[in-house]
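Visitor: Got a predicted model here, sequence first, then my questions.
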Amino acid sequence: RMEYVPDKNTTVRLSTNFSYNSSKSNSLSGGISQASDSTVINESDAKNNFSSDGTQIRLQVDASRKLSDNGRRLSLSGTYNTNNSDGNGITDSKTLYYRASSQNQILNQHSNSESNRGSYSLRTDYVEPLSKNNFLTLSYNVQFNNTLNERLTYDYDSISQKYDNLNPNYTRNSETNTIN
């Protein structure tokens, strides 16, 4: 945090924050469903591996100016936030239905995900003294937000031996922009 005081009535503050995160997860699962006579209806097993890395950056600037000795003040503030993460993983699963083999589900997929979030805000405050301990504060705040999420999922191709067939059923993209 830094502070600059150009004169006795004005203060400017700058604060920043940075963080980094990384995660990895692995899971194994399996199960069998049986009818009351112990006949196997279906069985499933799955293996998932996922890793991700992300960063967060925050920058805030505050400026305040004392306009009178009785408490009149004008303040301006601006904030910038960004969060970014990237991840990838493998899903290898199968579910076998013994009574309806046409419903069998076999997945061998690689997913790439990316998430980017950004926000900007501006705020201004004006304080007018009404009496010794009573003040009127007028504030205005505007915030802009942008969020982009993308997940691309590829099925394994046994001929090319690569994850190169984009699967639209497991691929998701979204973008949101708001102003408050």
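Guide: Okay, I see it. Computed from a predicted model, the values in this text were never measured in an experiment.
Visitor: ok, the residue lying closest to Asn165 once chain neighbours are set aside - how many residues close by?
Guide: Nearest residue to Asn165, sequence neighbours excluded (Cβ to Cβ, 6 or more residues apart in numbering): Asp155, at 4.3 Å. Quick note: C-beta positions are derived from backbone N, CA and C, even for glycine. Neighbour count for Asp155, taken as other Cβ atoms under 10 Å: 17.
Visitor: what's Asp155 in contact with, if anything?
Guide: Taking Cβ atoms under 8 Å, 6 or more residues apart in numbering, we find Asp155 in contact with 107-109, 163, 165-167.
Visitor: Quick check: pLDDT value at it.
Guide: Here, the pLDDT recorded for Asp155 equals 94.
Visitor: mind checking the SS state of it?
Guide: For Asp155, the assignment made with DSSP: H, G, I helix; E, B strand; the rest coil gives strand.
Visitor: before we move on, what about Tyr126?
Guide: Classified using three-state DSSP, Tyr126 is strand.
Visitor: Does it touch Gly71 like I think?
Guide: No: Tyr126 is not in contact with Gly71 according to Cβ atoms under 8 Å; the separation is 11.4 Å.
Visitor: Would you mind listing the residues touching both of those two?
Guide: Residues touching both Tyr126 and Gly71 (Cβ under 8 Å, 6+ apart): there are none.
Visitor: Skipping its backbone neighbours, what lies nearest Ile41 in space?
Guide: Take Ile41 and drop its neighbours on the chain: the residue closest to it by Cβ to Cβ, 6+ apart is Ser33, 4.5 Å away.
Visitor: Which residues are in contact with that neighbour?
Guide: By Cβ under 8 Å, 6+ apart, the residues touching Ser33 are 40-43.
Visitor: likewise Ser77?
Guide: Remark: with contacts taken as Cβ under 8 Å, 6+ apart, Ser77 is in contact with 60-63, 121-125.
Visitor: Make JSON lines from those and add pLDDT and distance to Asn49 to it.
Guide: Shown next, in JSON lines, are these (pLDDT from 0 to 100; distance: Cβ to Cβ, whole Å):
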{"residue": "Gln60", "pLDDT": "97", "distance to Asn49": "38"}
{"residue": "Val61", "pLDDT": "98", "distance to Asn49": "42"}
{"residue": "Asp62", "pLDDT": "97", "distance to Asn49": "44"}
{"residue": "Ala63", "pLDDT": "97", "distance to Asn49": "49"}
{"residue": "Ser121", "pLDDT": "97", "distance to Asn49": "38"}
{"residue": "Leu122", "pLDDT": "98", "distance to Asn49": "43"}
{"residue": "Arg123", "pLDDT": "97", "distance to Asn49": "44"}
{"residue": "Thr124", "pLDDT": "98", "distance to Asn49": "49"}
{"residue": "Asp125", "pLDDT": "97", "distance to Asn49": "50"}
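Visitor: Are any of those residues buried, and if so which?
Guide: Restricting the contacts of Ser77 to buried positions leaves 60, 62-63, 121, with burial counted as 16 or more other Cβ atoms under 10 Å.
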